[in-house]
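Predicted coordinates and the sequence they were generated for:
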Amino acid sequence: MMRDHRPPPDEVRSSVARTETAAAAAPGDVPEAELRRALHRVADEIADYLAQIRQYPVIPKITPGAVRRRLPESPPLEPEPLDRILDDFRGLIAPNTTHWGHPGFMAYFPAAGSGPGILGEALAAAVNVNAMLWRTGPVQTELEEHACDWLRQMLALPAEFRGHINDTASVSSLLALAAARERTGGLDIRRRGMAGRSDLPPLTVYCSDQAHSSIDKAALTLGFGLEHLRRIDSDDAFRMRIDLLEQAIAADKAAGRRPVAVVGTLGTTSTTSIDPLRELAAIARREDMWFHVDGAYALSAGICPEFRPLMEGVEAADSIVTNPHKWLFVPVDCSVLFVRDPSMLRRAFSIIPDYLQTPETGVTNLMDYGVQLGRRFRSLKLWMVLRAFGVRGLLERIRYHCALAQRFAAWVDAEPGLERVAPVPFGTVCFRAVPPGMAEEPQDQLNERLLTEINAAGPIFLSHTRLRGRYVIRLTVGNLRTTAEDIEQAQRLIRESCQRLW
């Protein structure tokens with residue numbers, strides 16, 4: 001006989017009473033008046049932060065774990081006033097962040113959100129839409145398609161390219177290589193997978209030795225494996241060598257491997273060099289490979305007509321990624337993947353269960369173009385930035401940044417004891433200290449100490465890389481608030497640090 005696990009009648013009545021009481025007084029959101037006051041204060045907090053950002057060191061002077069030690073171990077049981085929470089933003093969060101919007105942030109690549117982008121981010125959070133289907137986000141879907149097409153026109157890309165917004169270039173390149181794998185004929189990977197198949201040859205992907213590590217991660221995730229990612233050596237200007245690519249493809253085909261895709265970089269991470277895109281496109285066509293272009297940083301400069309000759313061949317790609325959150329002043333995260341034939345993405349990713357079927361026909365369902373079902377309203381901040389600055393305003397800012405980078409490069413070239421180690425096509429300058437008579441290994445150690453001292457000073461933040469095995473310092477101009485005075489300050493700090501170190 002089954003035991004009766006039902007609670008006694010008194011407990012049932014008590015539980016029902018509590019449920020009815022809770023339903024009668026639904027707690028809901030915070031009171032509207034309180035929220036409105038807090039939103040007005042948030043507007044002031046944001047404006048004050050941006051206005052006062054120079055008062056902070058770019059990198060907070062704290063040690064790992066310092067923030068966690070100031071936080072309660074357990075979550076609050078009772079509600080806290082919004083003013084108290086916002087006090088903690090001012091006292092705990094703002095002082096202890098790395099300030100990517102600081103005019104002295106010259107490390108990595110720029111990611112400085114603008115005022116219009118901040119407004120778009122806030123409004124997107126307010127409507128809080130999941131635009132997985134056209135029905136669940138009609139305006140979100142159509143605005144994304146339209147804003148991406150505006151960007152396509154600004155970059156002078158062919159009309160057949162369709163834009164799709166993701167969070168980062170890493171995901172955009174992953175999706176592009178998934179489309180490349182799907183396009184490769186006769187594999188049936190969507191249905192049969194890649195594991196345990198004696199009929200499936202090793203699939204190879206090609207990129208430069210200067211390509212971003214996201215290509216490695218895509219190869220890992222998609223099952224190509226690092227063993228079948230060919231990193232082709234670059235030339236003296238850090239561009240992929242076409243002769244070595246040709247040799248690698250021929251060797252792989254002779255060994256029974258199947259070339260699937262080649263990735264060209266338009267603005268490498270270390271030096272912003274540009275691979276020979278036109279030649280890569282011709283090889284991809286000849287070998288029936290997918291041609292993907294990683295233009296996450298530098299393609300934004302393509303809105304300036306004078307930079308487009310550097311990018312010849314990008315229009316022949318099958319897919320292109322660019323990040324408006326890098327150099328078009330849209331807050332993180334906003335990466336646009338342009339695909340010439342979007343049906344390849346749908347073939348790779350579209351799965352429509354019963355609960356996601358809707359009666360609309362001839363519409364775009366954004367969930368079909370990638371791995372994510374949930375999709376934020378990222379296009380709103382892109383749309384607002386494009387409108388608030390206009391094409392002319394964005395052109396002016398990119399040109400100004402490139403001019404500042406050229407000014408800094410000229411100073412490096414003229415400064416005793418410094419050496420520029422790569423061309424400067426855009427806003428990044430690679431340099432190092434080269435004291436006379438010092439061997440290369442001690443030079444590397446010196447440059448590492450030099451970077452540490454510069455960054456510890458506070459007003460600027462630089463990053464580093466290695467080129468041909470040597471330690472190199474990078475300065476990138478791309479922040480909305482960076483001026484000629486900030487570049488001059490960087491020059492003084494570098495010169496003074498060099499004088500102290502040798």
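Looks like it came in fine. Numbers count the residues shown, from 1 in each chain.

so where's the longest helix in this protein?
helix 379-414 (DSSP state H).

by contact count, what packs against that one?
The helices and strands touching helix 379-414, judged by 3 or more CB pairs under 8 Å, 6 or more residues apart in numbering; DSSP states H and E, are helix 115-127, helix 138-154, helix 324-327, strand 418-420, strand 428-433, strand 470-476, helix 484-501. Placement of C-beta: from N, CA and C, glycine included.

closest to R308 out of the ones you listed?
helix 138-154 (11.2 Å; CB to CB).

what packs against that closest one?
strand 162-166, strand 335-339, helix 379-414.

can you map out the strands along the stretch 1-150 of the chain?
Along the stretch 1-150 of the chain, no segments are classed as strands by DSSP state E, counting those that start in this stretch.

Surely A169 touches A211?
No. Judged on CB atoms under 8 Å, A169 makes no contact with A211 at a distance of 11.5 Å.

OK, contacts around the residue nearest to the spatial centre of the chain?
Centrality entry for the chain: nearest residue to the mean C-alpha point is T168, 3.8 Å, by CA atoms, centre = their mean. Residues near T168 by CB atoms under 8 Å, 6 or more residues apart in numbering: 214, 323, 333, 335.

do the same with G101
By CB under 8 Å, 6+ apart, the neighbours of G101 are 50, 53, 112-113, 479-481.

possible to save those residues as CSV with pLDDT and distance to M240?
Converted to CSV, the contacts of G101 look like this (pLDDT from 0 to 100; distance: CB to CB, whole Å):
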residue, pLDDT, distance to M240
L50, 96, 40
I53, 96, 39
A112, 81, 30
G113, 91, 32
N479, 95, 30
L480, 95, 32
R481, 96, 35
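
Can you flag the buried ones in the residues you listed?
Among these, those buried by neighbour count (16 or more other CB atoms under 10 Å) are 53, 112-113, 479-480.

biggest separation within the residues you listed, which pair?
I53 and G113 (11.9 Å).

So for A169 and A211, which residues contact both of them?
Counting by CB under 8 Å, 6+ apart, the residues touching both A169 and A211 are D294.

Can you get me a residue count around P202?
15 (other CB atoms under 10 Å).

so how far is stretch 176-192 from its chain's centroid?
Stretch 176-192 has its C-alpha centroid displaced from the chain centroid by 25 Å (CA atoms, centre = their mean, to the nearest Å).

before we move on, the earlier item: of all the helices and strands packed on helix 379-414, which lies closest to P60?
Proximity to P60 (CB to CB) singles out helix 484-501 among the helices and strands packed on helix 379-414, at 18.3 Å.

Can you classify D288 as helix, strand or coil?
Following DSSP: H, G, I helix; E, B strand; the rest coil, we place D288 in the coil state.

Leaving out the residues flanking it, which one is nearest to L480?
Among residues not flanking L480 along the chain, A112 sits closest, at 5.1 Å (CB to CB, 6 or more residues apart in numbering).

Same question for E315.
Nearest one to E315, counting by CB to CB, 6+ apart, is P158 at 5.5 Å.

The one you found: neighbouring residues, count only.
11.

My guess is it contacts A317. True?
No. The criterion here is CB under 8 Å, and P158 misses it with A317 at 9.8 Å.

between the two, what contacts are shared?
Joint contacts of P158 and A317 (CB under 8 Å, 6+ apart) are R340.

Buried residues in the longest helix of the chain, which are they?
379-386, 388-389, 394-395, 397-398, 400-402, 404-405, 408-409, 411-412.

Quick one: residues contacting the closest residue to Q140 other than its chain neighbours.
Leaving aside its chain neighbours, Q140 sits nearest to A131 (3.7 Å; criterion: CB to CB, 6+ apart). Counting by CB under 8 Å, 6+ apart, A131 touches 137, 140-141, 144, 366, 375-377.

and the two most separated of those residues?
T141 and R376 (12.6 Å).

can I assume G264 sits in a strand?
Yes. In this structure, G264 lies within a strand as judged by three-state DSSP.

tally of neighbours for it?
Neighbours of G264 (other CB under 10 Å): 28.

Check what pLDDT it gets.
Here the pLDDT value assigned to G264 is 98.

Quick check: bridge partners of it?
Assessed by DSSP bridges, G264 has beta-bridge partners V293.

okay but it is in contact with E279, surely?
No. Look at G264 against E279 with CB under 8 Å: they stay out of range, at 9.1 Å.

Can you pull the residues that touch both of these two?
By CB under 8 Å, 6+ apart, the residues touching both G264 and E279 are G313.

Quick check: A261 is in a strand.
Yes. Counting by three-state DSSP, A261 is found in a strand.

Now do the domain split for this structure, please.
32-97, 129-376, 391-501 (automatic domain parsing).

Out of these, the one nearest Y108 is which?
domain 391-501 (5.2 Å).

to the chain's geometric centre, what's the distance from the closest one?
22 Å.

First-to-last residue distance for it?
Terminal residues of domain 391-501 lie 45 Å apart, using CA to CA, to the nearest Å.

Just the helices from the stretch 1-150 of the chain, written as ranges.
Here the stretch 1-150 of the chain has its helices, by DSSP state H, counting those that start in this stretch, at 9-24, 32-51, 66-69, 82-88, 115-127, 138-154.

In a markdown table: the ones you listed, plus distance to H292.
Below are the helices of the stretch 1-150 of the chain laid out as a markdown table (distance: least, CB to CB, whole Å):
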| stretch | distance to H292 |
| --- | --- |
| helix 9-24 | 54 |
| helix 32-51 | 36 |
| helix 66-69 | 39 |
| helix 82-88 | 44 |
| helix 115-127 | 27 |
| helix 138-154 | 16 |
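
between those, which one is nearest to G437?
The nearest among the helices of the stretch 1-150 of the chain, by CB to CB, is helix 66-69 at 41.9 Å.

Please spell out which residues along that closest one are buried.
Buried residues in helix 66-69 (16+ other CB under 10 Å): none.
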